[in-house]
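Asks: Fold the following.
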Amino acid sequence: MPFGVDEAGKGPVFGSMFAAAVYVKDDSRLPDGLDDSKRLTPTRRGEFATALREDDEVAIGLAEVPVSRIDDPSTDMNTLTVTAHAEAIDCAVGDLEAPSGLCDACDTDADRFARRVAENCSVGVTVEARHGADAESPVVAAASVVAKVARDAHVGEIADEYGEVGSGYPADRTTRAFLESYVEENGELPPFARSSWSTCEDALAAVSQTGLEDFS
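Replies: The predicted structure is shown next:
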């Protein structure tokens, strides 16, 4: 498959989601050792991302879905993920004629996900989708790395301004501690939080309950 697509940041309570598409005619040009980004160290991911961007034979498309779009009640994460995959593909393939590629499926129904992505591309493409494609396909692994590096850089920028926020995932103790502390001190969510996430609703409710108990 000439192009591969994957996302990073679908589940966190903090920050944007990113989707990346990597296009290369011959995947033998891809760096050796590429794998699902979750299996690689941050240093190794950074090295791979740099190598991919420096290769003139490799085209990269990146789409960011900010918190404002994620919290929009008129849409949902499945639709946003489909749209982000399509935007990344459009950016990577440009005006190439009828390219084909593989997505890491972000839907329980991989065929449905592939169909929706293809329908949302502005160019005519053939799209397949498989679960776990980032661990099986080098070009999807490459996209996984690019998306993850972009997501990590984004979280790093947030941390530079606000202090340690962890990974941004609800299960991360550092993330939950930061969220609870911020809401307690400011009475509102941080601007990079996904307010529609139940984790945020719980943090606001906890502070509200504490205020009522103090008043009583």
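
Asks: Break the chain down into its domains, please.
Replies: Listed by automatic domain parsing, the domain ranges of the chain are 3-159, 163-215.

Asks: looking at the ones you listed, which is buried most?
Replies: domain 3-159 (a mean of 19; mean count of other CB atoms under 10 Å). C-beta here means a position set from N, CA and C on the backbone, and glycine is covered the same way.

Asks: Could you give the separation between the terminal residues of that domain?
Replies: Between the opening and closing residues of domain 3-159 there is a gap of 33 Å (CA to CA, to the nearest Å).

Asks: for stretch 12-21, same thing?
Replies: Start to finish, the residues bounding stretch 12-21 are 21 Å apart (CA to CA).

Asks: so which strand or helix has Asp6?
Replies: Counting by DSSP states H and E, the element that carries Asp6 is strand 3-8.

Asks: now the helices for the protein?
Replies: Secondary structure of the chain (DSSP state H): helices located at 42-54, 67-70, 77-93, 110-120, 133-136, 138-162, 173-186, 198-215.

Asks: in this structure, what spans have low per-residue confidence?
Replies: Under the criterion pLDDT under 70, the flagged ranges of the chain are 1, 208-216.

Asks: Kindly recompute the last result at 80.
Replies: Within the chain, the ranges that satisfy pLDDT under 80 run 1, 98, 207-216.

Asks: Now do stretch 35-42: everything it contacts.
Replies: 6, 8, 45, 48, 134-135, 141, 144-145, 147-149, 152 (CB atoms under 8 Å, 6 or more residues apart in numbering).
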